[in-house]
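In: Model the structure of this input:
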Amino acid sequence: MKRVYLDHNATTPIHPEVSKAMLPYYEEIFGNPSSIHQFGQQARNAIDEAGEKVAEFIGAKPEVLPEIVTRLRAMSPLYKEKDV
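Out: Numbers count the residues shown, from 1 in each chain. Have a look, this model is predicted:
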């Protein structure tokens, strides 16, 4: 019998393409993006590029993404003031 996972509210598996795309950031490009050293700058560039892709996908300007994330968190029933 095939098992079916129904608790996606707790955790959800990621799509294999997402896993493949993230692998370099787990193994090679894992610097602190707030740091000025090369490792951190590589991570910062990756974050910025990802933000640009998300913005393009949803039809927004990259600079508004932090505001979008803040508003989504505020609307979430799981949002807690201490998480800010």
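In: Give me the distance between the nearest residue to residue 40 once chain neighbours are set aside and residue 39.
Out: Among residues not flanking residue 40 along the chain, residue 31 sits closest, at 4.2 Å (C-beta to C-beta, 6 or more residues apart in numbering). To be clear about C-beta, it is placed using only N, CA and C from the backbone, and glycine gets the same treatment. Note on residue 31: its distance to residue 39, by C-beta to C-beta, to the nearest Å, is 3 Å.
In: Looking only at neighbour counts, state which of the two leads.
Out: Using other C-beta atoms under 10 Å as the criterion, residue 31 and residue 39 rank with residue 31 on top: 17 against 14.
In: for residue 65, helix, strand, or coil?
Out: The local conformation at residue 65, judged by DSSP: H, G, I helix; E, B strand; the rest coil, is helix.
In: since we're on residue 37, how many residues are nearby?
Out: Neighbour tally, residue 37, other C-beta under 10 Å: 9.
In: Give me the neighbour count for residue 51.
Out: Residue 51, neighbours per other C-beta under 10 Å, totals 16.
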